[in-house]
Structure formats: structure tokens, C-alpha cells
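Trainee: Sequence and predicted structure below; questions after.
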Amino acid sequence: MDELADLFPGYESRFVETSAGKLFARIGGKGPPLLLIHGYPETNVMWHRLAPLLAGSHTLIIPDLPGYGLSDAPESGEDHAPYNKRAMAKAMVELMERLGHKEFALVGHDRGGRVAYRLALDHPQRVRKISTLDIVPTWEMWAGINAKRAMKIFHWTFLAQPFPLPEMLIGKAPVEYLEWKMLAWNGGKSRFDPRAFEHYRAFFKQPARLHATCEDYRAGQTTDFEHDDADRKAGRKIEAPLLALWGATGIPAGGESPLDVWRRWATDVSGKAIACGHFLPEEAPEETAAELLPFLKQ
């Protein structure tokens, strides 16, 4: 993938050993550490429009999750580790520790948001502030499925089917599936930099990484739900201030107020809808930065 465009000029590239394998990360900017965690079906590249707006006040650490982008894609265990969110969160902590950051703020989009809030629950001493982009907790998603939501998030149940069904079907046309899915989340309109889309295509058509993304969703239906359920029953909540941002036409906007949902899971919650779809950092980077920067500076 050497021919792919570098969308982070001047940033350092690092490979860091973790319990989830070797993780790739881009590092740039100046100031306190801020971890940016991408979602499905993208890579670290999804932050390329938002990063310049944050780098003046923060040192940005922008990794590929296990199985995504240029990070390793290890074989998974019975609990779908290292693709369950507890294992991914642990790997993120190890990454930050090995880069010299014991405490940090973090922002997570989509599946990265699920890693982010699991990290805040499992490692509260690490997290100064957390922002989630266009999600509500996994437990809430599964518990709240009805006929309308089931049609919107059919990929949750499809990708969570036992191996090899989703891999076999998507593997027949992985790039076509990727493009259709991403455009479907944006009302059929492409708001992506074509150079970024080339990164997503290059990673998603690799069989081992396609499998890893399915394992991510299998974990969501099993292990991640169980971890959320245990915290919910124990009354454990996220202690760090949490900023929830979501797209006005995204999936969270179609149900109960995301702020009301997050207040069941965190003690200090603020946030709002952004006038865009699912991919806030690429569709509305300026508007997203305008909410993130004051929150992170408080």
C-alpha cells in the first residue's frame, strides 16, 4: 500500500507492540495527548480532515485498531479477543503507555467510540476526558432493537453471524460492499476524499482484515454486550467528563435522546447533534472541532 497518498504530512509513523499485536499509529501536533480511535469500515485515515484542527493544541495519537489498516490482524479466541472492546481498550492503553502517555483524552467514532467508552470504564485512571461520535452504548443498541432499528442496523446481525457466512458473502465483492455501505450511511452521497477512500478499499479487500472486522461485530453481540451488562448491573459509570456528538441524520438520532442514554452510563454528560450523517470527522470537521476544542480545554 506504499502508493497510497499520505494524508498526514509531517506526522511520525510508528509500529508499537501490544497484547493485540503490533499496532500502527500516526503521531503529530503539540500539547497534551489526545487519542483518536477510528471506526468501521475505516482506518486511522478517517481523521485526516479533523486532525489539522486539533493538532495546534494537542499531541495526536491516531492508531489503526487491531485488524484494521496497517495494524496486525491476529487470530481471535473464543471470546473474540483481541477484537472485543475490552481487549482493544487494553491495547490502546498499552500503546499510549509505550508512547509515554499514562493519562490522556480520547475521541472515538463508531466502533472506536465503543473502544473508547470501554477504556473509560475499565481504566478510569487513564482518561481525562472522552468524546463519543455517533454512537450509544452497545448494550443499549441490542436491548433497543425493534423493527425499525433492525432494518437500519442489519449489518450488526449480519456481520455477527458465525464464520464463514459474512466473510464468504462480502468476500465476493468486498470493495463494492464497502462503497455501498459507506454511501448508504450518507444518503447515497459521497463526502469522502477520494484519496482516503483508496485507503479504505486497500485494507478492506484483504481477507484477514475482512475477517477481523466481522470478529469485531461478533464480539459486539456476545462479549461486549456481556461486559456492558455487568457494568450496568453493578452500577458502574464513566467517571470522566463525556461529550456525546452525533449526526443529525445518523442512527442514534433516530431513537431516544443520545444524551439521555449516555446519562445512564456516565456521570458528567454533555453534547449535541451535528448537521451531518454518520461520519462527523469527514463530513463536518469544522463543526466537530468547534465542539471538541472547548470541551477538551476545560
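Mentor: Yep, it's here.
Trainee: could you pull out the helices for this protein?
Mentor: Secondary structure of the chain by DSSP state H: the helices cover 51-54, 85-98, 111-122, 138-143, 147-152, 154-159, 165-171, 174-184, 194-204, 207-221, 223-234, 258-262, 280-283, 285-297.
Trainee: Redo the ones you listed as a markdown table? Include mean neighbour count, distance to residue 268 and mean pLDDT.
Mentor: In short, each C-beta sits where N, CA and C put it, glycine included. Listed next are the helices of the chain as a markdown table, based on neighbours: other Cβ atoms under 10 Å; distance: least, Cβ to Cβ, whole Å; pLDDT from 0 to 100:
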| stretch | mean neighbour count | distance to residue 268 | mean pLDDT |
| --- | --- | --- | --- |
| helix 51-54 | 20 | 21 | 98 |
| helix 85-98 | 22 | 20 | 98 |
| helix 111-122 | 27 | 11 | 98 |
| helix 138-143 | 19 | 18 | 97 |
| helix 147-152 | 11 | 27 | 90 |
| helix 154-159 | 15 | 29 | 97 |
| helix 165-171 | 16 | 38 | 98 |
| helix 174-184 | 16 | 33 | 95 |
| helix 194-204 | 18 | 33 | 97 |
| helix 207-221 | 22 | 26 | 98 |
| helix 223-234 | 17 | 17 | 98 |
| helix 258-262 | 19 | 10 | 98 |
| helix 280-283 | 25 | 21 | 97 |
| helix 285-297 | 17 | 11 | 98 |
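Trainee: what would these look like in a markdown table with distance to residue 250?
Mentor: Output for these, formatted as a markdown table (distance: least, Cβ to Cβ, whole Å):
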| stretch | distance to residue 250 |
| --- | --- |
| helix 51-54 | 20 |
| helix 85-98 | 20 |
| helix 111-122 | 12 |
| helix 138-143 | 13 |
| helix 147-152 | 10 |
| helix 154-159 | 14 |
| helix 165-171 | 23 |
| helix 174-184 | 12 |
| helix 194-204 | 19 |
| helix 207-221 | 17 |
| helix 223-234 | 20 |
| helix 258-262 | 9 |
| helix 280-283 | 8 |
| helix 285-297 | 13 |
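Trainee: So for residue 129, which of those helices sits nearest?
Mentor: helix 285-297 (6.0 Å; Cβ to Cβ).
Trainee: where's the closest one relative to the chain centroid, distance-wise?
Mentor: Chain-centre distance of helix 285-297: 18 Å, with Cα atoms, centre = their mean, to the nearest Å.
Trainee: follow-up on the earlier one: nearest to residue 244, out of the helices of the chain?
Mentor: The nearest among these, by Cβ to Cβ, is helix 258-262 at 4.8 Å.
Trainee: and that closest one, what other elements does it pack with?
Mentor: Under the contact criterion of 3 or more Cβ pairs under 8 Å, 6 or more residues apart in numbering; DSSP states H and E, helix 258-262 touches strand 242-247, strand 269-274.
Trainee: Grab the nearest non-local neighbour of residue 66.
Mentor: Using Cβ to Cβ, 6 or more residues apart in numbering and skipping residues adjacent in sequence, the residue nearest residue 66 is residue 20, 4.1 Å away.
Trainee: Report pLDDT for that neighbour.
Mentor: Looking at residue 20, its pLDDT stands at 98.
Trainee: hang on, isn't residue 287 packed against residue 273?
Mentor: No: using Cβ atoms under 8 Å as the test, residue 287 is too far from residue 273 to be in contact (10.2 Å).
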